[in-house]
Structures are given as C-alpha cells and as structure tokens.
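K.L.:
Sharing a sequence plus its predicted fold:
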Amino acid sequence: MKKLIVLIITTLLFSCQPSLQHSLGGVDDSSNIELVEVVNSLKEYRVNLVKKAPKEKNDFGQKLKGVLPARYTLDDKDMFIYIFGSEENRKEGEAEFSQKTSDMKLVSYDTYTKRNVLIYYVHEEEMNSLHTSHKTDIQVALDSIEEG
C-alpha cells in the first residue's frame, strides 16, 4: 500500500513539473510558430523551398541558443530557418549570431524574424541590390502567419 501511495505521489509531482522547453528558457506558448507553418506560408506565397541536409561548418547554419536550423534552398541559395522556444530566445540567438560573426566577412544575406522564428536567406547579391527577388515574398509570407 505504501508503495502505491509513493508511486501516485511521484507521478503527480513529475506531471506538475514545467515542460523541458520552459525550463530551458522557452515558453510553452500557443503563439509560437512552428516550422511547418513557416514552410507552408512560404509555399503559399510561391517561395518554392527545397529541403536540404545541414551543411557542416557553415556560418549561417550554426547552433544558436542550442537550436540548429532547418536548411532549405531557394533558387539554389541557402535559407536557414530557426525555430526557437520563445521570442526572447530568438532575440538572444540573433545577438549570438552577430557576436560570433562580427569579425567575419560574410556573403550578402537577409534576415527575417517573426516571434520565435529567425530566417537567414543567403542570396549573395549586392547588399543594396533591389534584385533580391524573393525579399518581399518572404516577408509577406511571414507576416501572413496568424497570431496564435
């Protein structure tokens, strides 16, 4: 009988613990965006992504705040999509990227954010070029994701 009571109490205690994501600084929040939502929204706006395996030793595909990005290509240019546990973690991930790459000469890229999502699109075009053809489509697709 004592073992049964101990088992029940232990089970209740563990079930009441905050989620692992929350304990790592994330928030178990329905307003967070999931990767599938990002990809579906981009495809809806004719941003045709092709899933790729992660590249080793890539400045844009590095782990940020413990998160590895999903890697895609768009017109043979790399796109890295990070899904963080919270908007705060995303901001910290951006800061970490800036710090890690501050002394590097990186190719041209655009950064897109929404809530817990961080995207790097490595277009390799001139920094002030108007020719980054997907720039508007990517932003509109992110903006179209409904608030949770």
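P.N.:
Received it, and whenever you're ready, just let me know what you need. Here the structure is a predicted model, which means the values were calculated and not measured.
K.L.:
The nearest residue to K114 once chain neighbours are set aside: helix or strand, and which one exactly?
P.N.:
Among residues not flanking K114 along the chain, L142 sits closest, at 4.5 Å (CB to CB, 6 or more residues apart in numbering). Where you see a C-beta, it was placed from the backbone N, CA and C, and this is true even at glycine. If you go by DSSP states H and E, L142 is part of helix 135-143.
K.L.:
List the buried residues for that helix?
P.N.:
135, 138, 141-142 (16 or more other CB atoms under 10 Å).
K.L.:
Make JSON lines out of the residues you listed and add pLDDT and distance to M79.
P.N.:
Shown next, in JSON lines, are the buried residues of helix 135-143 (pLDDT from 0 to 100; distance: CB to CB, whole Å):
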{"residue": "K135", "pLDDT": "83", "distance to M79": "12"}
{"residue": "I138", "pLDDT": "93", "distance to M79": "8"}
{"residue": "A141", "pLDDT": "94", "distance to M79": "12"}
{"residue": "L142", "pLDDT": "94", "distance to M79": "12"}
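K.L.:
who's in contact with the residue nearest to E87 when sequence neighbours are not counted?
P.N.:
Nearest residue to E87 in three dimensions, chain neighbours excluded: R115, at 5.0 Å (CB to CB, 6+ apart). Neighbouring residues of R115 by CB atoms under 8 Å, 6 or more residues apart in numbering: 31-33, 87, 90.
K.L.:
hmm, which of the residues you listed are the buried ones?
P.N.:
32-33, 87, 90.
K.L.:
where in the chain is pLDDT low?
P.N.:
Applying pLDDT under 70 to the chain flags the ranges 1-30, 55-56, 126-133, 147-148.
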